[in-house]
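Participant: sequence isn't available, so here's the structure alone:
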């Protein structure tokens, strides 16, 4: 599951940014495509697969207006040359950031982007794509998840670590449903 959110924020307070939610924006897939092409161009033969995941990848979903990109690279953990190339594109690395098996980077520019580098075909990879696909195919679950996000913010979880912790049970229930393949 990862470490306690308070620990992660204490170790690297820059990771604990404010959270805002936005209605679905039809520009999100375009922003993903632009970011993905840029990453694939920069990392060339290191990239095995690039996927748009998270709520910005789900039409109609309420989301943090941050493009989430899941990347599988040839090397795990990511090679320094690949991390250096991503930093040249403006991404800042946070290491595993409390999630074993994931390398987290983010860029805050014209639009915000989070990168998650994961082992291809690993549990983290499979879970993120299963959840995305489940939400895409179950609008009622997407709406429920949106309400859980709104409750988290209304209850005062306005920073990333607190927000993530506040909706963790809802996220786990959705993932369980996605693994079963039904609501």
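Facilitator: Thanks, I have it. Note that this is a predicted model, so its numbers are computed, not measured.

Participant: leaving out sequence neighbours, find the closest residue to residue 72.
Facilitator: Nearest non-adjacent residue to residue 72, counting by Cβ to Cβ, 6 or more residues apart in numbering: residue 120, 3.6 Å away. Every C-beta, even on glycine, is put in place using the N, C-alpha and C of the backbone.

Participant: what's near enough to touch that neighbour?
Facilitator: Residues counted as contacts of residue 120 (Cβ atoms under 8 Å, 6 or more residues apart in numbering) are 48, 49, 72.

Participant: low-confidence ranges in this protein?
Facilitator: Applying pLDDT under 70 to the chain picks out residues 1-12, 182-183.

Participant: try 90 this time
Facilitator: 1-15, 44, 97-100, 120-121, 181-183 (pLDDT under 90).

Participant: grab the most central residue of it for me.
Facilitator: Among the residues of the chain, the one closest to the centroid is residue 68, at 4.3 Å (Cα atoms, centre = their mean).

Participant: any idea which element it lies in?
Facilitator: Under the criterion of DSSP states H and E, residue 68 resides in strand 66-73.

Participant: which residues does that strand contact?
Facilitator: Here strand 66-73 makes contact (Cβ under 8 Å, 6+ apart) with 28, 31-32, 35-36, 39, 43, 46-57, 79, 82, 106, 111-120, 125, 128-129.
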